[in-house]
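Novice: just a sequence and a predicted model for now, questions to come.
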Amino acid sequence: MISVVAPESCIGCNECELSCPDFAIYVADKKEFKFAKLSDESKARQEAIVNNGYRLPADYKGSN
């Protein structure tokens, strides 16, 4: 069973795919799928994640 911990935090950086020791993570190619445009909130979340070394910020409040 595969679970997605925080799909709303994905910024498409492929870091998870490159870091997975079992090659179990696959990030879809933009050519294969249509993606929604990023909202201002998503862009701010992306910037926070990138600035935090590709980790969720400590004050992250997801939908969980």
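Specialist: Happy to help now that I have it.
Novice: now the phi/psi pair for the residue nearest to the spatial centre of the chain, please.
Specialist: With distances taken as Cα atoms, centre = their mean, residue 10 lies nearest the centre of the chain, 1.5 Å away. With angles defined as degrees, to the nearest 10, residue 10 sits at phi -70, psi 130.
Novice: give me the pLDDT for it.
Specialist: pLDDT, residue 10: 75.
Novice: check residue 60 too.
Specialist: At residue 60, the model reports a pLDDT of 72.
Novice: distance of it relative to residue 38?
Specialist: 17 Å (Cβ to Cβ, to the nearest Å). For every residue, glycine as well, the C-beta is placed using N, CA and C.
Novice: and the residue nearest to the centre of the chain, how close does it get to residue 22?
Specialist: Distance from residue 10 to residue 22, by Cβ to Cβ: 19 Å.
Novice: again, but for residue 14
Specialist: 16 Å.
Novice: higher neighbour count, these two?
Specialist: Using other Cβ atoms under 10 Å, the more surrounded residue of residue 14 and residue 22 is residue 14, with 11 against 5.
Novice: pretty sure the more buried one is touching residue 27, no?
Specialist: Yes - between residue 14 and residue 27 there is a contact at 5.0 Å, judged by Cβ atoms under 8 Å.
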